[in-house]
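K.L.:
this one's structure only:
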């Protein structure tokens, strides 16, 4: 940070003196302009080495945090230096494209920096039941199975929930094959003689709860409200209905986490490829400038 600020101030002062002494204004082909361009391009290339560092994580090349700090501050340093090099003008088609691309890369990088600073804390606050991203689909299926088991223990077998029944059967078969598995879970069997009130529970499950738990992961829907169901069913069912509501809430938090994770990392699909394109175009610009 200190080095970036010092070089920026020195560059601004020297640029002011250079422009004042030049009768035709700033030019990228002059010696001062070339120095700005070389240092700015070097800063941009060094910032781009972060991607190469991620490809060789096992090499002892210093902590990742230090590389990220270098990426950020060198990327910021490149902005004023390349503007000094261009004399704050766009120029022809190639240089205009280069500067526009550079601007998009810079803005997307700053946007990602802001997201990385604030979104993890927001995720912790909004998603207290956070899970590993790679386990989301598995957890989602497990919640659907848990909900079916809970409802079936009160309402009996539900033919419409064939997927959940198949998963529970596969789970039971796996447990029987490995009886000493420490992950054994005692599943409750379906109620053989459901109470009359179970018809309402079964209807709400088929109409609201199950579709919600099996919805598309990108769907923005709120958990079903089970308060009316709790009032119209026996008091002794209350703990199971509260557990059912907790399952729906956990499914909702999974969806929120998935969306926040997509936002947290989605900007890289813009920043990373455009950064590579920027380096390629900058190399082409240098070759063309030296040639002509």
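P.N.:
Thanks, I have the structure now. Please read these numbers as outputs of a predicted model, since none were measured by experiment.
K.L.:
okay, now the unreliable bits of the stretch 151-292 of the chain?
P.N.:
179-185, 292 (pLDDT under 70).
K.L.:
so where do the helices sit in the protein?
P.N.:
For the chain, the helices defined by DSSP state H cover 2-21, 31-55, 64-86, 93-126, 136-155, 162-177, 198-204, 210-213, 227-231, 238-266, 268-291.
K.L.:
now do the third one: which elements does it pack against?
P.N.:
Same thing as helix 64-86. In terms of contacts (3 or more Cβ pairs under 8 Å, 6 or more residues apart in numbering; DSSP states H and E), helix 64-86 is packed against helix 2-21, helix 31-55, helix 93-126. Quick note: C-beta positions are derived from backbone N, CA and C, even for glycine.
K.L.:
got the angle between it and helix 31-55?
P.N.:
Interaxial angle of helix 64-86 relative to helix 31-55 (axes from the mean of the first three to the mean of the last three Cα atoms, to 10 degrees): 150 degrees.
K.L.:
now the angle from helix 64-86 to helix 2-21?
P.N.:
0 degrees.
K.L.:
residues contacting helix 64-86, please?
P.N.:
Among residues not part of helix 64-86, those counted as contacts by Cβ atoms under 8 Å, 6 or more residues apart in numbering are 1, 3-4, 7-8, 11-12, 15, 26, 28, 33-34, 36-37, 39-41, 43-44, 46-47, 49-50, 53, 57, 61, 95, 99, 102, 106, 109, 113.
K.L.:
let me see the contact set for residue 141.
P.N.:
Counting by Cβ under 8 Å, 6+ apart, residue 141 makes contact with residue 167.
K.L.:
wait, residue 165 sits on residue 148?
P.N.:
Yes: between residue 165 and residue 148 there is a contact at 7.2 Å, judged by Cβ atoms under 8 Å.
K.L.:
counting neighbours, go ahead and name the busier of the two.
P.N.:
residue 148 (25 against 18; other Cβ atoms under 10 Å).
K.L.:
in contact with the more buried one: list those residues for me.
P.N.:
Residue 148 neighbours (Cβ under 8 Å, 6+ apart): 158, 161, 164-165, 168, 205, 210.
K.L.:
and the residue lying closest to residue 252 once chain neighbours are set aside, how many residues sit next to it?
P.N.:
Excluding the flanking residues, the one nearest residue 252 by Cβ to Cβ, 6 or more residues apart in numbering is residue 223, at 4.8 Å. When neighbours are counted by other Cβ under 10 Å, residue 223 registers 19.
K.L.:
hmm, back to that, which PyMOL command selects the buried ones in the contacts of helix 64-86?
P.N.:
To isolate the buried members of those in PyMOL, using 16 or more other Cβ atoms under 10 Å:
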select buried, resi 4+7+8+11+15+26+28+33+36+37+39+40+41+43+44+47+50+53+95+99+102+106+109+113
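K.L.:
thank you, goodbye.
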